[in-house]
Every structure is written in structure tokens, then in C-alpha cells.
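S.K.: Make a model of this:
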Amino acid sequence: MVNIILFGPPGSGKGTQSANLISKFGLIHLSTGDLLRSEIDAKTPLGLEAKKVMDQGILVPDEVVIGMISSKLDANPEARGFIFDGFPRTTAQAEALDKLLSLKKTAISNVLALEVPEDELIARLLNRGVTSGRSDDANEEVIRARIVEYHNKTAPVADHYAKYGKFKKIKGEGSVDEIFDRLSKEIESLVEEKV
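M.R.: Numbers count the residues shown, from 1 in each chain. The predicted structure follows:
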């Protein structure tokens, strides 16, 4: 099983590249935001607990999110692997995820971090703001704050996986195809190691 965490600041192209990688490698996209919404819609015990917390404006506790990830893993026993999107965001979440995957007899294979210069990210997001209508992509100050928050929160997670030799920076500039080729080469080498 190949389990990838795809990292990258807002505007780095994670969404586009996740979709391409899922299609090519037959991996399952594991987005914690999507999981939360589907558990809430299905009115599962975890979903009801998450909704109660979210309705109070509080972040969903890590153990609830880990429970949802565990359910998703159990529901896909034949999966070739997963792409984790939006999780883990803290070292505590990374440690909890590692523990969960260990119980499931698997592990994170690698963290692939899309590296894009800040000026390029801002240009991409402002452009996306024009076409998507997303208010958080229309204001340069808000964009800069999101990028700073990303770096502050995810740097410790990167350090956590780097200790185990499971962190790789990928140049996130160029065409969608060029970036996809760089990511694919990394994943292909992981797939070959597993065979």
C-alpha cells in the first residue's frame, strides 16, 4: 500500500495534482473535509459528534477525525493506497495518524510538498479568485495570511516526517503536466519499492 501526504500552500495546485495522481495510480483521495461532510450527511455517530462541535465554532477534535480516517481505511481494504489531503496539519495529528496506520499494518510512504514561490502563489490565487468567485482568493492580504499560517502550521509536520526520511520537496512551478511528471516519478519509485 502506498500512502502519500500531499502538502502545499494555498494555490500550489494540490487539488489538480491529487485528481491526476488518483486517476493514474488508483489511489483513494482522503480529504478530511470531505470525510467530515459525508459523516455528517450520513448522520453517523462520529458525524453527529463532529456536527455538535462544529456548530459551536470549535475545531473537530483529532480523535474524531482519526476515527473517520480509520473508518475510511476499513471501508477500502483492497485499496492500493491513499492520498491524504488536508491532514495531518499538526505534529500531534501526524503522530496519531502514524499510530493508526501502524495498527492497520501500513504507514505513510512519503510526504510530497509542492514548493512554489510566494509571488507565484499570490498571482495564482488572485487569478482563481476572479474565476471562482471565492472571496478568500480575492484579497491579497488574506492570501498572504493563509500562506503564513500554512508555513507556521505545517513546518513541524514536515520536520516530523523528515526525521524518518519521508519528506520530499517537489518543484511546483511549470505546467500542470511538468509538475505531474515530477510527482509521478516519486510515486513510481515508491510503488517499485513495494513490489
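
S.K.: what's the distance between residue 161 and residue 11?
M.R.: According to Cβ to Cβ, to the nearest Å, residue 161 and residue 11 sit 22 Å apart. For the C-beta atoms, the positions are set from N, CA and C on the backbone; glycine is no exception.

S.K.: er, residue 104 actually
M.R.: For residue 104, the distance to residue 11 (Cβ to Cβ) stands at 33 Å.

S.K.: cool, residue 112 as well?
M.R.: Taking Cβ to Cβ, one finds residue 112 at 16 Å from residue 11.

S.K.: Chain neighbours aside, what residue packs nearest to the residue nearest to the spatial centre of the chain?
M.R.: Taking Cα atoms, centre = their mean, the centroid of the chain lies closest to residue 85, which sits 1.8 Å from it. Leaving aside its chain neighbours, residue 85 sits nearest to residue 31 (4.4 Å; criterion: Cβ to Cβ, 6 or more residues apart in numbering).

S.K.: so what's that neighbour scoring on pLDDT?
M.R.: Residue 31 is assigned a pLDDT of 85 by the prediction.

S.K.: where do the strands sit along the chain?
M.R.: Applying DSSP state E to the chain gives strands spanning 2-7, 28-31, 81-85, 110-115, 167-171.

S.K.: Mean neighbour count, those: which tops it?
M.R.: Highest mean neighbour count among the strands of the chain (mean count of other Cβ atoms under 10 Å): strand 2-7, with a mean of 24.

S.K.: quick revisit: and the pLDDT for the residue nearest to the centre of the chain?
M.R.: For residue 85, the predicted pLDDT is 84.

S.K.: How about residue 63?
M.R.: Residue 63 is given a pLDDT of 87.

S.K.: Contacts only, for it.
M.R.: residue 96 (Cβ atoms under 8 Å, 6 or more residues apart in numbering).

S.K.: Looking only at neighbour counts, state which of residue 104 and residue 11 leads.
M.R.: residue 11 (24 against 14; other Cβ atoms under 10 Å).

S.K.: OK, contacts around the more buried one?
M.R.: Taking Cβ under 8 Å, 6+ apart as the definition, contacts of residue 11 comprise 116, 120-122, 124-125, 128, 143.

S.K.: Please report phi then psi for it.
M.R.: When read as degrees, to the nearest 10, the backbone of residue 11 gives phi 90, psi 0.

S.K.: how near is it to residue 122?
M.R.: 7 Å.

S.K.: Can you get me a residue count around the residue nearest to residue 187 when sequence neighbours are not counted?
M.R.: In space, and not counting its chain neighbours, residue 187 is closest to residue 25: 5.8 Å by Cβ to Cβ, 6+ apart. Per other Cβ under 10 Å, the neighbour tally for residue 25 reads 18.

S.K.: The one 10 residues further on too?
M.R.: The tally of other residues near residue 35 (other Cβ under 10 Å) stands at 21.

S.K.: Nearest to residue 41, out of the strands of the chain?
M.R.: strand 28-31 (14.3 Å; Cβ to Cβ).
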